[in-house]
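Chemist: Sequence first, then the predicted structure, then my questions.
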Number of protein chains: 2
Amino acid sequence: SKSTPSKFANVNFGDRGMSLEEELNDSNTYYLENDIAVIHKKPTPIQIVKVDYPSRSAAVIREAYFKHASTTDYNGVYRGRYLDFEAKETKSKTAFPLKNFHDHQIEHMRQCLKQDGICFVIIRFATLGRLFLLKATDLFTYWDHQVDGGRKSIPLPDIEQLAAELKYHINPLIPYLEAVDNLIDG
Amino acid sequence: SKSTPSKFANVNFGDRGMSLEEELNDSNTYYLENDIAVIHKKPTPIQIVKVDYPSRSAAVIREAYFKHASTTDYNGVYRGRYLDFEAKETKSKTAFPLKNFHDHQIEHMRQCLKQDGICFVIIRFATLGRLFLLKATDLFTYWDHQVDGGRKSIPLPDIEQLAAELKYHINPLIPYLEAVDNLIDG
Ligand SMILES: [Mg+2]
Ligand SMILES: [Mg+2]
């Protein structure tokens, strides 16, 4: 077994989409500080097994494990509406692999949709540097078809047609709420 | 320093309101399974410092610390609306101490209210076995007055007048969404 140094302290070990997450967190900070929306990334759930309580200092977790989240990573409120989404990246240049999503995330988005929440995924083709916002209902089409023996990924041309492409910007870095406006108003 | 045994694995060490939280989690499970609302408790945020990766088994967190949450504990979606709340208990029989709430929780609820979220606190007088749902705006009145030299707690008679009393029930154990209906419709 090997140990990671403390510079990894802020890293979300459970997720591949690291830098996309950082960009979204940065965008969410902009939206928060400008009273536009309140969207936070949920903390990674941890199963704590052992905690030390040194005298005169903070409790130290000495044994713990990463758990699977029962929800998506992001949620919050915008224009009075509940927003819920997951962010994922792929290195593929041609299609977005459905294995990036988990059953419980799909199920959670279905539950939120029943309550009239706004649910979507933000997906990045890292190699192409392209970013899309895809409605959860469009993701479900491919997800359900996969279960019935369909393909295991969403072809890029389908995404180009169905999703809103997001272009990097300054303040916020990823102006994804513009695409959400279209989901709400469209 | 002393260690806790593994039976504490599921305990949220950061919170005093343990059994109230369990009751709310149970109620939220009922609401979720009956397609009434999707409300989850957020995981406790942890600052991870050191992780071991034993070969052939799961990563083990070997050094980590509890962090202060930047939000409230619960949020989700109900009737298309964003819900956000904190749950707290007191042993006092006469008043609810404001020190149970933290600046960042108050600030978070103010931010959510600006986006038209439904924000409140569920407070329990543990000794009296009484439970109330108090609107965030009513909490703010006392919070802001405290800062201006006012009293450091909310008297029970004021809570009886301002808040909705919640009575324990079966399925759900705490039927707090009935009081939320009044916030939305009232
Ligand atoms: Mg994730
Ligand atoms: Mg709490």
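Modeler: Yes, it's here. Numbers count the residues shown, from 1 in each chain, chains lettered A, B, ... in the order given. Ligands and ions are numbered 1, 2, ... in the order given.

Chemist: What is the burial count for the closest residue to A:Lys88 other than its chain neighbours?
Modeler: By the measure of CB to CB, 6 or more residues apart in numbering or on different chains, the closest residue to A:Lys88 outside its immediate chain neighbours is A:Asn100, 4.3 Å from it. All C-beta spots, glycine's among them, are computed from the backbone N, C-alpha and C. Look at A:Asn100: counted by other CB atoms under 10 Å in any protein chain shown, it has 18 neighbours.

Chemist: In this structure A:Asn100 contacts A:Ser92, no?
Modeler: No: using CB atoms under 8 Å, A:Asn100 is not in contact with A:Ser92, being 10.0 Å away.

Chemist: Show me which strand runs longest in chain A.
Modeler: Counting by DSSP state E, the longest strand found in chain A is strand A:81-90.

Chemist: Need the residues that contact the following helix or strand past that one.
Modeler: Downstream of strand A:81-90, the first helix or strand assigned by DSSP states H and E is strand A:95-97. Residues outside strand A:95-97 that contact it (CB atoms under 8 Å, 6 or more residues apart in numbering or on different chains) are A:88, A:90, A:123, A:125, A:151-156, A:159.

Chemist: circling back to that earlier point, residues contacting the residue nearest to A:Lys88?
Modeler: When contacts are counted by CB under 8 Å, 6+ apart, A:Asn100 touches A:16, A:88-90, A:123.

Chemist: Quick check: end-to-end length of stretch A:70-86?
Modeler: One end of stretch A:70-86 to the other measures 12 Å (CA to CA, to the nearest Å).

Chemist: What ranges does chain A have for its strands?
Modeler: A:38-41, A:46-52, A:60-66, A:74-78, A:81-90, A:95-97, A:118-125, A:130-135, A:153-155, A:164-166.

Chemist: So which of those is nearest ligand 2?
Modeler: Ligand 2 lies closest to strand A:38-41 among these, at 15.0 Å (CB to the ion).

Chemist: picking up where we left off before, could you find the lowest-pLDDT member of the contacts of A:Asn100?
Modeler: Lowest in pLDDT among the contacts of A:Asn100 is A:Arg16, which has 41.

Chemist: Could you say which one of the strands of chain A comes nearest to B:Lys114?
Modeler: strand A:38-41 (7.9 Å; CB to CB).

Chemist: The closest one packs against which elements?
Modeler: helix A:18-33, strand A:74-78, helix B:103-114 (3 or more CB pairs under 8 Å, 6 or more residues apart in numbering or on different chains; DSSP states H and E).

Chemist: Could you check the angle the longest one makes with helix B:103-114?
Modeler: Okay, so that is helix A:18-33. Here the directions of helix A:18-33 and helix B:103-114 differ by 80 degrees (axes from the mean of the first three to the mean of the last three CA atoms, to 10 degrees).

Chemist: Can helix A:18-33 be said to contact ligand 1?
Modeler: No: residues of helix A:18-33 are not located near ligand 1 by CB under 5 Å from the ion, the shortest gap being 7.4 Å.

Chemist: what's the spacing between that helix and its chain's center?
Modeler: Mean-position distance between helix A:18-33 and its chain equals 11 Å (CA atoms, centre = their mean, to the nearest Å).

Chemist: likewise the shortest one?
Modeler: If you compare the mean C-alpha spot of strand A:74-78 with that of the full chain, they lie 12 Å apart, counting by CA atoms, centre = their mean.

Chemist: And the strands of chain A: which comes nearest B:Ala163?
Modeler: strand A:74-78 (22.5 Å).

Chemist: What residues sit buried inside stretch A:29-36?
Modeler: For stretch A:29-36, burial by neighbour count (16 or more other CB atoms under 10 Å in any protein chain shown) applies to A:30-32, A:36.

Chemist: for stretch A:84-94, same thing?
Modeler: A:84-90.

Chemist: same deal with stretch A:19-28?
Modeler: Buried residues in stretch A:19-28 (16+ other CB under 10 Å): A:20-21, A:23-25, A:27-28.

Chemist: same deal with stretch A:93-104?
Modeler: A:95-96, A:98, A:100-101.

Chemist: Now do the same for that stretch: mean pLDDT, whole number.
Modeler: Taken as a whole, stretch A:93-104 has an average pLDDT of 96.

Chemist: Of the helices and strands packed on strand A:38-41, which shows the lowest average pLDDT?
Modeler: Minimum mean pLDDT among these: helix A:18-33, a mean of 92.

Chemist: Report whether that one contacts chain B.
Modeler: Yes: using CB under 8 Å from any CB of the partner chain, helix A:18-33 reaches chain B at A:Leu32.

Chemist: Contacts for that helix, please.
Modeler: A:11-12, A:15, A:36-41, A:73-74, A:76, A:78, A:87-89, A:122, A:124, A:126, A:131, A:171-177, B:111.

Chemist: can you do 6 Å?
Modeler: A:37-39, A:41, A:87, A:89, A:124, A:171-174 (CB atoms under 6 Å, 6 or more residues apart in numbering or on different chains).

Chemist: That helix vs strand A:81-90, what angle?
Modeler: Using the same axes, to 10 degrees: helix A:18-33 against strand A:81-90 is 160 degrees.

Chemist: Tally up the residues packed near A:Asp185, please.
Modeler: 7.

Chemist: Let me fix that, I meant to ask about A:Glu160.
Modeler: A:Glu160 has 11 neighbours, counted by other CB under 10 Å.

Chemist: Just give the closest residue to it, not the sequence neighbours.
Modeler: A:Phe132 (7.9 Å).

Chemist: Make sure the one you found is actually in contact with A:Ile123.
Modeler: Yes: using CB atoms under 6 Å, A:Phe132 is in contact with A:Ile123, at 5.4 Å.
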